[in-house]
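Student: Okay, here's the prediction I keep looking at, along with the sequence it came from:
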Amino acid sequence: MTTATNLPAKTDSPDMSVLFDAIAKADAGDAEALGIVKAILRDAPKVVETLTDLAYNAEAAILANVTAGATELFRSQARGLRRELMREGTGSALERMLIRRIGLDYLATLQAERARAIAPGETRSLELARFYDQQADRAHRRFLASVESLARVRKLITPIQINIADQQVNVAGNLTAKCANPT
Amino acid sequence: MAWETRPGGGHYYTRSRRVNGKVIREYVGSGEKGELAAKIDAEQRAKRDAERALIREEQAQVMTIDAELNALHQTVDALTRGILLANGFERYKRQWRKRHDDRDKSASQD
């Protein structure tokens, strides 16, 4: 049972460690913790925006050794992908957050592929080639996990359109999609 | 790899390598032959050193990227779980589904 004393104070920027702790407990079936999660998300709907710092740091690390020209190209490609994904969705905060992560993971795959590519005339040891291969594989795995996560969340939350005898019926996806594992 | 001077006055370039755990010293030669072998070995050594330095530098950068992206992934995964839980979903056998009480509520509203 959630009591007023257990709830964190109202704020635009909640203590993330309190939130994550409550999420972990709620995920394990703790009803009181679930109340705390709901309260934090209700009182601080912009909580997902706290990812800004993390996203900024990740992008800075990915593009640290990339030339200015390539940086602009990679950013533009990631922007294009994000725009396309946004167009297909409902525009919810959850989707925006997942799409942002996909954009960064895509940026990391572009960087890893650039590092893996061998310039004409360049020679490379087996050890270095293997190192770049492993980096690219990790980047691709992360990217695919992010895309999969978005797809499964959309399956859960997006209304599904069904056409029955030329009549459009919208069915809430969350009532029908029982099998998804977004995280 | 080194130049070796013998008591008799010979000045030889040698290479050492390990065979079955034992260090074998190979006498390459003296004079121009030795000089050439030493130059080739030095170039190869420099190339190997440069590549090792590059790998160390790249490893440091990749570790930073991995750390930042892993932190982002963990945060996004946790928030996704939180948002789904708060919206009436639950995980059952590692899969998400609408909670029973939430499904009943939705059904009674229809």
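Tutor: Structure received.
Student: B:W96 in helix, strand or coil?
Tutor: Here B:W96 is strand, with the state taken from DSSP: H, G, I helix; E, B strand; the rest coil.
Student: quick one: it and B:N70, what's the gap?
Tutor: 22 Å (Cβ to Cβ, to the nearest Å). No exception for glycine: its C-beta is placed from N, CA and C like everyone else's.
Student: Between the two, tell me which one has more neighbours.
Tutor: Neighbour totals were compared for B:W96 and B:N70, and B:W96 leads with 24 against 12 (other Cβ atoms under 10 Å in any protein chain shown).
Student: Could I get the full set of strands for chain A?
Tutor: Taking DSSP state E to define them, one finds strands in chain A at A:160-164, A:167-171.
Student: again, but for chain B
Tutor: B:2-5, B:11-19, B:22-29, B:89-92, B:95-98.
Student: closest to chain A out of these?
Tutor: When those are ranked by proximity to chain A, the top entry is strand B:95-98, at 4.2 Å, counting by Cβ to the nearest Cβ.
Student: Return the list of helices and strands in contact with the closest one.
Tutor: Identification of packing neighbours for strand B:95-98 by 3 or more Cβ pairs under 8 Å, 6 or more residues apart in numbering or on different chains; DSSP states H and E yields strand B:89-92.
Student: How many residues are close by residue 39?
Tutor: Going with chain A. Neighbour tally, A:A39, other Cβ under 10 Å: 19.
Student: sorry, should have said chain B
Tutor: Around B:K39 there are 11 other residues, counting by other Cβ under 10 Å.
Student: Throw the strands of chain B into a markdown table and include mean pLDDT, thanks.
Tutor: Supplementary listing: these in a markdown table, determined by pLDDT from 0 to 100:
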| stretch | mean pLDDT |
| --- | --- |
| strand B:2-5 | 84 |
| strand B:11-19 | 88 |
| strand B:22-29 | 88 |
| strand B:89-92 | 86 |
| strand B:95-98 | 86 |
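Student: any idea which of those strands is most buried?
Tutor: strand B:95-98 (a mean of 20; mean count of other Cβ atoms under 10 Å in any protein chain shown).
Student: Residues of chain B that sit close to chain A?
Tutor: Contact residues, chain B versus chain A (Cβ under 8 Å from any Cβ of the partner chain): B:48, B:51, B:54-55, B:58-59, B:61-62, B:64-69, B:71-73, B:75-89, B:91, B:94-98, B:103, B:106.
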